[in-house]
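Q: 3D, please:
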Amino acid sequence: MSILFMQAEDVLLFRDGRPFNAGSDHEARSLFPPPPSVIQGVLRSHYLVHKNIPLSDSVAIRQLVGDSANPKGLRLRGPFLARRENGRVVCYFPTPADAYPVDEKAERVVPMKAAMNPGGCVWASATLPYLLQRPNNIITKTAPGEYLSEQALLEYLEQGKEVTPIKATDLYVTERRLGIRTDLQRLSTVEGMLYEVEFIRLCKDVGLVVEILEGYPDFPPQGVMRAGGEGRALRYTTLKEEEFTPLSWGCTDELPRFFKVYFATPAYFSQGWKPASWQPFFTGEVKLEAVALSRYQVLGGYDLLNHRQKPARRFVPAGSVYYFSHAGGVRLFQQTITEEGAAMGFGQVMIASWKPEKK
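A: The predicted structure follows:
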């Protein structure tokens, strides 16, 4: 296993799933951090360059790195935002969707309380027995910070402690740049074809962490690779053991009687916010009690190997929290919960216990 820390040489562009065709929209918006599907494409492309495989040779490409459906044994975890602090690289994760402020400035947050709701909470085709209720009477228009450090997240999930999120602007800022479409035949601009592109500029010492769990044993330990729109440069190094401590993912032991699942990366489910059945992910029967999640995330992209647009699909966003219960003796089958893209890094989860509140 190797752990890569990637830092931008300049700005980055990772477009969201909205169309950006001439005449249909004037703005290209960035999605950051990029989804796992983007980063696995970046790594596979760089590995092809390392092996001197022409990007036009589809047969050789499939033999070496496969395609999006069969990545030839490559298995990843991430990407995660990270920052170098006092000689170590610290990961930052989306603030959980069940966080609630404890002060009017929303500088600190705590988990909401799960209380039994008479009659249940009907959500689409599911009935959830519990509702998440605010733990205090604080009302504020200020949104809490978007990210928690790995230590703060563990304290929040495992102990229910008050923690201090940080703003996204402490890790990266957006830059908007104007452009205009050009007519290559006339060598002039096209009237009415102004557009705007949103770029991402990382703050000092900030980058992305990606763990290569399996595959590519001879991947170069350091270098520069092209990433995202316009092929912007990402300089990466392999982290040493003293620079990074891998987190404990999933749960290998028996799950708590009441447990919640925090999604550190987006997850895909065939029924939108949930799968048709939870059985493929657990060794026994579990019951979904409550859910905290924000708006779905639309992910798509372009398949360069097959020269076609990938279908845009809705994903459960990172930071979502699902509350479960079980009768006993249940474990996770694997460290990911997603119906597709587990090898790419989708559906990475952390497990914690929760205590039902009595009315």
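Q: rest of the way, CA atoms for contacts and neighbours
A: Will do.
Q: give me the distance between Y47 and V209.
A: According to CA to CA, to the nearest Å, Y47 and V209 sit 17 Å apart.
Q: these two: who's more crowded?
A: Legend: neighbour count by other CA atoms under 10 Å for Y47 and V209, higher for V209 (27 against 19).
Q: let me know the secondary structure of the residue nearest to that one when sequence neighbours are not counted.
A: Among residues not flanking V209 along the chain, F5 sits closest, at 4.7 Å (CA to CA, 6 or more residues apart in numbering). Taking DSSP: H, G, I helix; E, B strand; the rest coil as the rule, one finds F5 in the strand state.
Q: ok, V49 next?
A: When classified by three-state DSSP, V49 comes out as helix.
Q: what is the neighbour count of it?
A: Applying other CA under 10 Å, I find that V49 has 13 neighbouring residues.
Q: what pLDDT does the model give it?
A: According to the prediction, V49 has pLDDT 91.
Q: what separation do you get for it and M112?
A: In terms of CA to CA, V49 sits 48 Å off from M112.
Q: and for P35?
A: In terms of CA to CA, P35 sits 27 Å off from M112.
Q: looking at these two, which one has more neighbours?
A: P35 (22 against 19).
Q: so where is the stretch 151-300 of the chain shaky, pLDDT-wise?
A: Applying pLDDT under 70 to the stretch 151-300 of the chain flags residues 179-181, 183, 189, 191-195, 250.
Q: all strands for it, in order.
A: For the stretch 151-300 of the chain, the strands defined by DSSP state E, counting those that start in this stretch occupy 172-183, 188-202, 206-214, 222-227, 232-238, 258-263, 286-292, 297-299.
Q: what is the burial count for V206?
A: V206, neighbours per other CA under 10 Å, totals 23.
Q: beta partners of it?
A: Under the criterion DSSP bridges, V206 forms beta bridges with R83.
Q: pull the contacting residues for it.
A: Q7, L81, A82, R83, R84, L171, Y172 (CA atoms under 8 Å, 6 or more residues apart in numbering).
Q: change it to 10 Å
A: 5-8, 81-85, 89-91, 170-172 (CA atoms under 10 Å, 6 or more residues apart in numbering).
Q: what of M344?
A: 35-41, 68, 71, 74-79, 212.
Q: which among these gets closest to M1?
A: I212 (5.6 Å; CA to CA).
Q: shouldn't that closest one be in contact with L74?
A: Yes. Look at I212 against L74 with CA atoms under 10 Å: they come within range, at 7.6 Å.
Q: what is in contact with the two at once?
A: Counting by CA under 10 Å, 6+ apart, the residues touching both I212 and L74 are Q40, L43, M344.
Q: so who does K287 touch?
A: Residues near K287 by CA under 10 Å, 6+ apart: L128, P129, F258, W278, Y323, F324, S325, H326, A327.
Q: rewinding a little: in a markdown table: the strands of the stretch 151-300 of the chain, plus distance to I53.
A: What follows is these, written out as a markdown table (distance: least, CA to CA, whole Å):
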| stretch | distance to I53 |
| --- | --- |
| strand 172-183 | 33 |
| strand 188-202 | 30 |
| strand 206-214 | 21 |
| strand 222-227 | 15 |
| strand 232-238 | 20 |
| strand 258-263 | 36 |
| strand 286-292 | 45 |
| strand 297-299 | 28 |
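Q: what's the closest of the ones you listed to C121?
A: strand 286-292 (8.6 Å).
Q: and stretch 60-79, average pLDDT?
A: For stretch 60-79, mean pLDDT is 87.
Q: check the offset of it from the chain's centre.
A: On the basis of CA atoms, centre = their mean, to the nearest Å, stretch 60-79 sits 19 Å off its chain's mean C-alpha point.
Q: quick one: end-to-end length of it, please.
A: Note: stretch 60-79 ends 27 Å apart using CA to CA.
Q: and what of stretch 97-109?
A: End-to-end distance of stretch 97-109 (CA to CA): 11 Å.
Q: and that stretch, what's buried?
A: A97, D98, A99, Y100, P101, V102, D103, A106, E107, R108, V109 (16 or more other CA atoms under 10 Å).
Q: again, but for stretch 58-77
A: Per 16+ other CA under 10 Å, stretch 58-77 contains these buried residues: I61, L64, V65, G66, D67, P71, K72, L74, R75, L76, R77.
Q: ok, now stretch 335-343?
A: Q335, T336, I337, T338, E339, G341, A342, A343.
Q: and the fourth one, which of the three is it?
A: Right, the one you point to is T338. Classified using three-state DSSP, T338 is coil.
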